[in-house]
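Chemist: Sequence and predicted model, in that order:
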Amino acid sequence: MSKYRSLKFLLSLGTVIASNVICISAALATTATGNQNPDFTVSVSLASRGTPDPDVAAAGNTVDVVLSVRNNKSFKFPPKVNQVQLHLALRLPSGESFDVTTNVPLFPDQTAKVAFDFSVTPSFPRGAYALTVEANEVDSTALASGATGTLTIV
């Protein structure tokens, strides 16, 4: 009887884990990752919370945003800080774009991550939004790593 209970418990646990994996996969539908430059990996995620489709938000919904950049260079002693240039671009449904560029110091094997959320208000223009993140070492001529996350407000 105890073997039967153990098997039943393991099957139940497996079902719960599988359900969570399926839910997590759906929530990651708005995540994009880029590593065109092997030295840096960037990621951007836009996900509407509590909606059937995390790619779509309406007035009153909360949107979770996560931006990250990882320095993939190998850690060596003494450690050398790399100055990483981050370029963020937000494209509105009108086609208008807002750009910001800043430098961030990152050690090898270090990840910088920013997470925040915002509420969608009725004044937000309806349509497709795109948030692009690009990273490259300052003064480098190498290709930047880039990723774009999208969200539609209805």
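Modeler: Cool, got the structure.

Chemist: any idea how far Ala144 is from Val84?
Modeler: To Ala144, Val84 is 10 Å away according to CB to CB, to the nearest Å. Every residue, glycine included, has its C-beta placed from N, CA and C.

Chemist: Give me the common contacts of the two.
Modeler: Phe40, Ala135, Asn136 (CB atoms under 8 Å, 6 or more residues apart in numbering).

Chemist: Got the confidence number for the first one?
Modeler: Phe40 carries a pLDDT score of 95 in this model.

Chemist: One more: the last one?
Modeler: Among the per-residue scores, Asn136 shows a pLDDT of 94.

Chemist: Now do the contacts for the closest residue to it other than its chain neighbours.
Modeler: In space, not counting the residues next to it along the chain, Asn136 is nearest to Ala144; the distance is 3.8 Å by CB to CB, 6 or more residues apart in numbering. Taking CB under 8 Å, 6+ apart, we find Ala144 in contact with Gln36, Asn37, Phe40, His87, Glu134, Ala135, Asn136.

Chemist: hang on, the earlier thing: generate a PyMOL selection restricted to the buried subset of the shared contacts of Val84 and Ala144.
Modeler: Entered in PyMOL, the line below selects the buried ones among those, by 16 or more other CB atoms under 10 Å:
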select buried, resi 40+135+136
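
Chemist: Quick check: of the shared contacts of Val84 and Ala144, which lies closest to Phe116?
Modeler: Ala135 (18.5 Å; CB to CB).

Chemist: what's the strand or helix carrying Val44 packed up against?
Modeler: Here Val44 sits within strand 40-49, counting by DSSP states H and E. When contacts are defined as 3 or more CB pairs under 8 Å, 6 or more residues apart in numbering; DSSP states H and E, strand 40-49 sits against strand 31-34, strand 62-71, strand 127-137, strand 145-153.

Chemist: okay if I get those strands as CSV plus distance to Phe118?
Modeler: Formatted as CSV, those follow (distance: least, CB to CB, whole Å):
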stretch, distance to Phe118
strand 31-34, 17
strand 62-71, 6
strand 127-137, 11
strand 145-153, 11
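
Chemist: Among these, which comes closest to Lys113?
Modeler: The nearest among these, by CB to CB, is strand 62-71 at 4.1 Å.

Chemist: Tell me which residues are up against stretch 147-154.
Modeler: Contacts of stretch 147-154 (CB under 8 Å, 6+ apart): 30-34, 42-46, 48, 55-58, 63, 93, 120, 124-133.
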